[in-house]
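J.: Would you be able to build a 3D model of this:
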Amino acid sequence: MKIKLFVFILFIVGAAVGFYIMKSHSDNNPKDFPVPFSHYVHTSLHKIKCVNCHRGVLTQERAGIPDIKYCGMCHSTLMNPKSKRERIIYNLVKENKPIKWMVHYHIPDYVMFSHRRHVKLGKLPCTDCHVDMTKQDSPELKGFTQIMMPKCFNCHQEKDITIDCNNCHH
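T.: This next block holds a predicted model:
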């Protein structure tokens, strides 16, 4: 009886997590996004570091994503829009229209996660948690895996960092 109850609870929790992941990605259809953003172009071709656009990564809990004004610092003056991609962002900057970014990583409100703690203090490279963004040429990520508690838990154990629940959850 206890085993059946455990399996049932495990099934319910698994279904809830699966539903949550699907729901969090359901609004992320690449066709709905005006900017066919390429991390590859920015990081590999133009050698822009992650921290240049994700400015909060060294100082805050959330890494943050750039707004249209930040993108405009390069795209309004340094770029001659030749390609379709370039014209799209150039026009958004010129018209001061906000960019609807595709959100891949969602941290629930009950999880205390600090990029500053992991990147600046822990000196972890971005690729330890995220796919190698320098190779991503479209808003839809290849090789993407949602960050889930087991991944965090395993990393904490490997690095001999506390796995006390209250350290990450409230």
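
J.: So what's the residue count around the closest residue in space to residue 142 that isn't next to it in sequence?
T.: Of all residues beyond its chain neighbours, the one nearest residue 142 is residue 136 (6.6 Å), with distances taken as CB to CB, 6 or more residues apart in numbering. All C-beta spots, glycine's among them, are computed from the backbone N, C-alpha and C. In terms of burial, residue 136 registers 23 neighbours under the definition other CB atoms under 10 Å.

J.: quick one: low-confidence parts of the protein?
T.: Along the chain, segments meeting pLDDT under 70 span 1, 5-8, 10-34, 78-80.

J.: can you pull out the helices in it?
T.: If you assign secondary structure with DSSP state H, the helices in the chain sit at 2-26, 39, 50-53, 68-75, 84-94, 115, 149-158, 165-168.

J.: tell me which residues of the fifth one are tucked away?
T.: Looking back up the chat, that one is helix 84-94. Of the residues in helix 84-94, those with enough neighbours to count as buried (16 or more other CB atoms under 10 Å) are 88, 89, 90, 92, 93.

J.: separation between the residue nearest the centre of the chain and residue 142?
T.: When the chain is reduced to its mean C-alpha position, the nearest residue by CA atoms, centre = their mean turns out to be residue 105, at 4.0 Å. Applying CB to CB, to the nearest Å, one obtains 15 Å for the distance of residue 105 from residue 142.

J.: No further questions, thank you.
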